[in-house]
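Student: Take a look and give me a structure for this.
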Amino acid sequence: MSLFKSLDSAFIDGEWIKSSDTSIFPVFNPASLESITQVPNCTKNDAIKAIESAKIAFRNHAKTSAFERSNWLMQWYTAIEDNKAALAELVTQESGKPLAEAIAEVQYAASFFQWFAESIKRPQGEIISPSTTNKRLMTIKQPIGVVAGITPWNFPIAMLAKKVAPAIAAGCSFVLKPAAETPLSALALAKLSKQTDLPKGLFNVVTSTHSADIGDVFTTHEFIKKITFTGSTEVGKKLLAQSADTIKSTSMELGGNAPFIIFDDADLDTAVDGLMVSKFRNSGQTCVCANRVFVHNALMEDFLQKLTDKVNLLSVGNGLDEGSTIGPLINQNGFDKVATLVQAAIEQGATCLVGGKPHNKGGTYFEPTILTGVTDSMAITQTEIFGPVVPVLSFTDETDVIARANDTPYGLAAYFFSQNLNRVFRVSEQLKAGIIGINEGMISHANVPFGGVKASGIGREGADVGLEAYLETKSLCIGNVA
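Tutor: Residues are numbered from 1 along each chain as shown. Alright, predicted model coming up:
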């Protein structure tokens, strides 16, 4: 941790700075509710300064070779790997997640730097067969320009890596506003960037609680050519609307309401293990969490017993404490939302099989919870829970459960468990989601596209399409070739 003890400044043009009006805000540890440090509460003027710095950096370095940019990313990757333990501890301190999960997140983040360092060296553009013999047709790929990114608190280092690594690989410069709850991971990556050959101004971090003000600058400034955002659908819609006047490219990874379906031919132990990973990672605070668990009636009794046994083994506590597997919820608002949803479900007829109330540790800890007798009309099945709560619904018919799973404005992730190959293809093609987990609860990898349909977003991150998002395709037509 010693390397990251003095993270108390924003990072603009390769320099550590205070806000233009010298204001600051505290960063709290959700486990102890104590302040970790204070960081600059940057203003619109600071955001503009960062954008102007990124514009100059882009102009100066737009013609760097793919191999040079690859080298920068590999140096960054190495720095992350060399400081993995300290970064993970920092992630746990500011987000509350268990240390083992934080270590996994850091490794996941590093994989994006490695992946895009390798993929940018692959051929870009194509040669196209001409329609006449005296012409030659081809395309080239060029960086889109200055990119503005807004990242959430639930994966403070991974969500950043998904955006920054491909942008730098493509030749873009980047201005980041991390979530006010978790700005330290972004500042730590900025500090590690100083150990690389990355030119100043290509990566900037603006810390602020003035989300609307910074978002307004990002979406209206003429230098910004692309907005990439991960967060709520409500905020995503506002950013899209604000970006319209300047016709910006956008990537939006928004909310989810993931169905998790266990068919009668599923391997039940595999299904329960997959559910534990999907539902309880980061205390249920992920956009791809299992939000509605549909279990075939024939398996319900055995399923509930196996799930109860697993949930009762979870250990609630400070993420830095050995053995803790469930940390606190991020803040009081998040805690109140979960408590309200659970209580409303119980009042509407659901039965609490396990948990169901604030944990006796106090603060924002909530008991891992299993609810049975849940219906499709309850608020808890219509809302992204973002807490350690499993709402269990029953079904008997495949067609019916697919219709129920799709009956939501969202379409980010979906999961189902079956050992029938025909069903695997049939259900995969009918579920309306951008990412499908089949007999698996962990679905995100650097080399696989990540993103949703419907109100869950626009575009994809990761894989080759994640790089394409930061490139413009230019067509070349060469005439009068002898």
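
Student: does the most centrally placed residue in the chain belong to a helix or a strand, and which?
Tutor: Among the residues of the chain, the one closest to the centroid is Met159, at 4.4 Å (CA atoms, centre = their mean). According to DSSP states H and E, Met159 maps onto helix 158-170.

Student: give the contact list for the residue nearest to the centre of the chain.
Tutor: Listed by CB atoms under 8 Å, 6 or more residues apart in numbering, the contact set of Met159 reads Thr151, Pro152, Thr230. Backbone N, C-alpha and C define where each C-beta goes, glycine included.

Student: Tell me the spacing between it and Met442.
Tutor: 17 Å (CB to CB, to the nearest Å).

Student: now Ala298
Tutor: The spacing between Ala298 and Met442, counted by CB to CB, is 27 Å.

Student: likewise Ala258?
Tutor: Ala258 sits 13 Å away from Met442, going by CB to CB.

Student: Report all helices and strands that the strand or helix carrying Ser185 contacts.
Tutor: Per DSSP H and E: Ser185 is located in helix 184-193. Helices and strands touching helix 184-193, as assessed by 3 or more CB pairs under 8 Å, 6 or more residues apart in numbering; DSSP states H and E, comprise strand 10-12, strand 34-40, helix 66-82, helix 84-95, helix 158-170, strand 203-205.

Student: what would those look like in TSV with distance to Leu240?
Tutor: Converted to TSV, the helices and strands packed on helix 184-193 look like this (distance: least, CB to CB, whole Å):
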stretch	distance to Leu240
strand 10-12	26
strand 34-40	28
helix 66-82	29
helix 84-95	27
helix 158-170	17
strand 203-205	23
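
Student: what would these look like in TSV with distance to Glu322 and mean pLDDT?
Tutor: Converted to TSV, the helices and strands packed on helix 184-193 look like this (distance: least, CB to CB, whole Å; pLDDT from 0 to 100):
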stretch	distance to Glu322	mean pLDDT
strand 10-12	33	98
strand 34-40	20	96
helix 66-82	23	97
helix 84-95	12	97
helix 158-170	23	98
strand 203-205	32	98
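
Student: Could you point out which residue ranges in the stretch 201-350 of the chain have low pLDDT?
Tutor: Counting by pLDDT under 70, the stretch 201-350 of the chain shows no low-confidence range.

Student: Can you show me the helices along it?
Tutor: Applying DSSP state H, counting those that start in this stretch to the stretch 201-350 of the chain gives helices spanning 211-220, 233-243, 268-280, 300-311, 332-347.

Student: Adding mean neighbour count, write those helices out as CSV.
Tutor: Formatted as CSV, these follow (neighbours: other CB atoms under 10 Å):
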stretch, mean neighbour count
helix 211-220, 18
helix 233-243, 17
helix 268-280, 21
helix 300-311, 16
helix 332-347, 17
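
Student: Now Leu341: closest residue in space, sequence neighbours ignored.
Tutor: Ile380 (4.6 Å; CB to CB, 6 or more residues apart in numbering).

Student: got it, and Asp213?
Tutor: Lys44 (5.1 Å).

Student: Quick check on that neighbour: phi, psi?
Tutor: When quoted as degrees, to the nearest 10, the phi and psi of Lys44 stand at phi -60, psi -40.

Student: Just to check, Val164 is in contact with Gly149?
Tutor: Yes. Between Val164 and Gly149 there is a contact at 7.0 Å, judged by CB atoms under 8 Å.

Student: tell me, what's touching those two both at once?
Tutor: Common neighbours of Val164 and Gly149 (CB under 8 Å, 6+ apart) are Phe174, Leu176.

Student: Show the pLDDT at Gly466.
Tutor: Gly466 is assigned 96 on the pLDDT scale.

Student: Pro388 too?
Tutor: pLDDT, read off for Pro388, is 98.

Student: if I look at it, how far off is Thr270?
Tutor: Counting by CB to CB - Pro388 and Thr270 are separated by 21 Å.

Student: List the contacts of Gly323.
Tutor: Here Gly323 is in contact with Ser315, Gly317 (CB under 8 Å, 6+ apart).

Student: phi, psi of it?
Tutor: phi 90, psi -10.

Student: So it versus Gly362, what's the distance?
Tutor: From Gly323 to Gly362 the distance is 19 Å (CB to CB).

Student: Next: Lys135.
Tutor: For Lys135 relative to Gly362 (CB to CB), the value is 73 Å.

Student: quick one, which of these two is more surrounded?
Tutor: Lys135 (13 against 9; other CB atoms under 10 Å).

Student: For the closest residue to that one other than its chain neighbours, grab the count of nearby residues.
Tutor: Leaving aside its sequence neighbours, Lys135 sits nearest to Gly479 (CB to CB, 6+ apart; 5.3 Å). Look at Gly479: counted by other CB under 10 Å, it has 10 neighbours.

Student: Could you do Ser129 as well?
Tutor: Neighbourhood size, Ser129 [other CB under 10 Å]: 6.

Student: same thing with the one 3 residues further on?
Tutor: Neighbour count of Thr132, defined by other CB under 10 Å: 8.

Student: Which strand or helix spans it?
Tutor: Residue-wise, Thr132 maps onto no helix or strand under DSSP H and E.
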